[in-house]
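*Asks:* 3D model of this:
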Amino acid sequence: MSSSVRLANPSLLPGRPGPDAGFAAPYEMLAACHDKVQRMLDLLERLQAHLREQGPDSQAAQAARDVMRYFDLAAPLHHEDEERHVFPLLLHSGNPAWVALAGRLQQEHRDMAPAWAALRQQLERVAAGQGQSLQAEGFASLYRAHLRAEDELAYPAALRLGNAVLSAEMGRDMMQRRGWPGV
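*Replies:* So this is what the prediction gives:
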């Protein structure tokens, strides 16, 4: 069990960003983050199986640390990107379906916080070599449905509503909040 197990190359999947997705293409960057979230959710599933079969060993501890690092650091920045740049476009679109979608996605962000806190406590025990199991299904299920709605509905709608200037501003903001040089 290793968190470095290679999954399918997301750049080879149709419609997914390649390895060059960056701040100049912020929606591709958001989609690349979704690919990373999917890999972390897959790692959680493998970790659950590993704990059942092998128990809380050093590989399980490392996988737990990897998942915590991602969802503690990268995921909050990603959610803020959406809250600042994607959802406002939908909320101000005048389209009732997009307004409702943005409201639902914002609520899901709020729902993820306590779900993550509960799962994180379990992962801390695994990282300390003490956790025998994980109850990650609810968190993973919520997150996967959320990603699908963003990928299939929210991002395409926001792209149609936005323009090159807004995308450039979005990319600059994303860089700045991450402390990247050149901003």
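*Asks:* for Gly131, helix, strand, or coil?
*Replies:* Classification of Gly131 by DSSP: H, G, I helix; E, B strand; the rest coil places it in coil.
*Asks:* give the burial count for it, as a bare number.
*Replies:* Per other C-beta atoms under 10 Å, the neighbour tally for Gly131 reads 20. To be clear about C-beta, it is placed using only N, CA and C from the backbone, and glycine gets the same treatment.
*Asks:* that one reaches Arg125, doesn't it?
*Replies:* Yes - between Gly131 and Arg125 there is a contact under C-beta atoms under 8 Å: 3.4 Å.
*Asks:* identify the contacts common to these two.
*Replies:* Pro56 (C-beta atoms under 8 Å, 6 or more residues apart in numbering).
*Asks:* how far away is Ala117 from Asp72?
*Replies:* 11 Å (C-beta to C-beta, to the nearest Å).
*Asks:* I should have written Met170 there, sorry.
*Replies:* Met170 sits at a distance of 23 Å from Asp72 (criterion: C-beta to C-beta).
*Asks:* geometric centre of this protein: which residue is closest?
*Replies:* Nearest to the mean C-alpha position of the chain, counting by C-alpha atoms, centre = their mean, stands Val37 at 4.1 Å.
*Asks:* wait, what's in contact with that one?
*Replies:* Neighbouring residues of Val37 by C-beta under 8 Å, 6+ apart: 70, 75, 78, 143, 147.
*Asks:* quick one on the thing from earlier: give me the more crowded residue out of Met170 and Asp72.
*Replies:* Between Met170 and Asp72, counting by other C-beta under 10 Å, Met170 is the more crowded of the two (22 against 11).
*Asks:* in what helix or strand does the more buried one lie?
*Replies:* Here Met170 sits within helix 164-177, counting by DSSP states H and E.
*Asks:* now for the longest helix anywhere in the chain, which elements pack on it?
*Replies:* In the chain, taking DSSP state H as the definition, the longest helix is helix 96-127. Applying 3 or more C-beta pairs under 8 Å, 6 or more residues apart in numbering; DSSP states H and E, we find helix 96-127 packed against helix 58-69, helix 75-81, helix 87-91, helix 137-149.
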